[in-house]
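Colleague: A structural model of the following input is requested.
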Amino acid sequence: MDGVVTAEAPDAAACPACGEAAGPGARFCEACGAVLAPASGSTTPDGTAAPSTGPADAAAGVARPAAPATPGEQGDPGDLGDLGDPDATAAGAAAPQGARDGAPDAADAEPAPCPACGGEIAPDGYCLECGARAPRERDHVERRASEHVGGVSDVGVRRRRNEDALALGTAGDVAVLVVCDGVASAPDSDRASRAAAQAARDLLVGGVGAVAPPVEDAAAWSRLLVAAGHAADVAVRAAVDDAASREDPPSCTFAAALVGPALVAAGWLGDSRVYWLPDAGPAEQLTEDDSLAAELVAGGMTREQAERSRDAHAITRWLGADAEDATARTVATRPAGPGWVLACSDGLWNYGSAPDVVAGLVRDAVDRLGPDPVAVARDLVGWANARGGHDNVTVALARVTGPAGTDVAPGTTAEDDPGTVPTVRRRPAGSLAGGPRTAAPPTA
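Modeller: Just a heads-up that it's a prediction; the model follows:
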């Protein structure tokens, strides 16, 4: 998620790999780590000039090895302590409290030498000798909570750090999807997003398991999602010791979905999204972005125009120490038949926002790869990266079987549940063009 828009210096040079502006005299790109000018004495162990690696390689078509879909929580290990359940089961395993997609984070390992030249990696993640960006565990993460629930998070092509976070779980036949997108302009937002995703996932997995029959209760699920948003906000504020005292504290968006055979409920703050993509009938975007672009659409602008506007990704609600309200809005729908629920960060919908476009991508991937949610999510992430990968990309998927005994005809739509009324949308001062501007809101 982007930071606050700032003007570029008129004499700034552009990185040949990713196009980001670079200050006069800069040797390496701050966005992707590519070499901007040959460094004096910078060579590989065999005496040749050191190559540029990292996201610049992706822009040049160099493939990154994909991490396997294994248990374990996303994130740089160890910097947040144990935010999960010490007894969390492996992916898909049965447990009384539900299953989660991974175990608590392990301690940080000693940093490996630079893969390009063998040099020392600095704390900022770049080689002190050649400037290459060292790969991070969080650059590409694949998670699976069950056979029908999985997701992928990727750093993208242009970003130096993956500030998206993904957390998955199951409780009986109910799937839990959580996606959080860190505000790039605020330091440590990658830690904030991971803390938020884990805290929300754990509350939802435990909460669904404790719901009295009937388990698929729209009002109960709505209350759980609101509680998960508050738990995520507490986790964000606790993720960094001095967060409350910072001028620009760590913050992130929040999108979560509870997915059962006959009920789907979503809660959100910011512009990470949840879509319902039925096998038959029109697709729906269940969430409504908390962003300036959404305000423009509400004012009559088309979706395409609003999402191309200068402040399209400026969000109006988020999680963090400077958030005025962390109460998630909620919505529920009762699927009439089978389909997919997809939660994602704006790194995906930047390139295909409309529900029918997202549905087409999923259906095409399923036709080619089969119904494996991790494989389909990986395909969508690759699609976004092939179109520029300007932001981190996260996709989480859960397969919906639909109510037992249903026979869905093409054109059938889902039934919106009247029992979940979204919370009132708040409009901060200066969120509309022409109004008095205060501080610019974070942008997604």
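Colleague: quick one: low-confidence ranges for the stretch 1-150 of the chain?
Modeller: 1-99, 101-111 (pLDDT under 70).
Colleague: make it 80
Modeller: Segments of the stretch 1-150 of the chain classed as low confidence (criterion: pLDDT under 80) are 1-112, 124-125, 133.
Colleague: Val179 contacts Leu168, correct?
Modeller: No: between Val179 and Leu168 there is no contact under Cβ atoms under 8 Å: 9.7 Å. Every residue, glycine included, has its C-beta placed from N, CA and C.
Colleague: shared neighbours of these two, which are they?
Modeller: Gly151, Ala396 (Cβ atoms under 8 Å, 6 or more residues apart in numbering).
Colleague: where does pLDDT dip in the stretch 151-300 of the chain?
Modeller: Ranges of the stretch 151-300 of the chain meeting pLDDT under 80: 212-215, 297.
Colleague: helices of that one, start to end?
Modeller: Per DSSP state H, counting those that start in this stretch, the stretch 151-300 of the chain carries helices over the ranges 189-210, 218-239, 292-298.
Colleague: dump these to a markdown table, plus distance to Gly281.
Modeller: Converted to a markdown table, the helices of the stretch 151-300 of the chain look like this (distance: least, Cβ to Cβ, whole Å):
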| stretch | distance to Gly281 |
| --- | --- |
| helix 189-210 | 26 |
| helix 218-239 | 20 |
| helix 292-298 | 23 |
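Colleague: packed most tightly, which of those helices would that be?
Modeller: Stretch with highest mean neighbour count among the helices of the stretch 151-300 of the chain: helix 189-210 (a mean of 27; mean count of other Cβ atoms under 10 Å).
Colleague: which residue ranges of the stretch 101-250 of the chain form strands?
Modeller: Assigned by DSSP state E, counting those that start in this stretch, the strands in the stretch 101-250 of the chain fall at 140-146, 149-154, 164-171, 174-181.
Colleague: partner strands of the second one, parallel or antiparallel?
Modeller: Strand 149-154 has the following sheet partners, assigned by DSSP bridges: strand 140-146 (antiparallel), strand 393-400 (antiparallel).
Colleague: want to try a markdown table for those, with distance to Ala306 and mean neighbour count as columns?
Modeller: Listed next are the strands paired with strand 149-154 as a markdown table, based on distance: least, Cβ to Cβ, whole Å; neighbours: other Cβ atoms under 10 Å:
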| stretch | distance to Ala306 | mean neighbour count |
| --- | --- | --- |
| strand 140-146 | 31 | 25 |
| strand 393-400 | 21 | 29 |
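Colleague: can I get those strands in CSV with distance to Ala375?
Modeller: Converted to CSV, the strands paired with strand 149-154 look like this (distance: least, Cβ to Cβ, whole Å):
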stretch, distance to Ala375
strand 140-146, 9
strand 393-400, 10
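Colleague: so which of those is nearest Gly360?
Modeller: Nearest to Gly360 among the strands paired with strand 149-154 is strand 393-400; the distance by Cβ to Cβ comes to 14.5 Å.
Colleague: tilt between the closest one and strand 174-181?
Modeller: With axes from the mean of the first three to the mean of the last three Cα atoms, to 10 degrees applied, the angle from strand 393-400 to strand 174-181 works out at 170 degrees.
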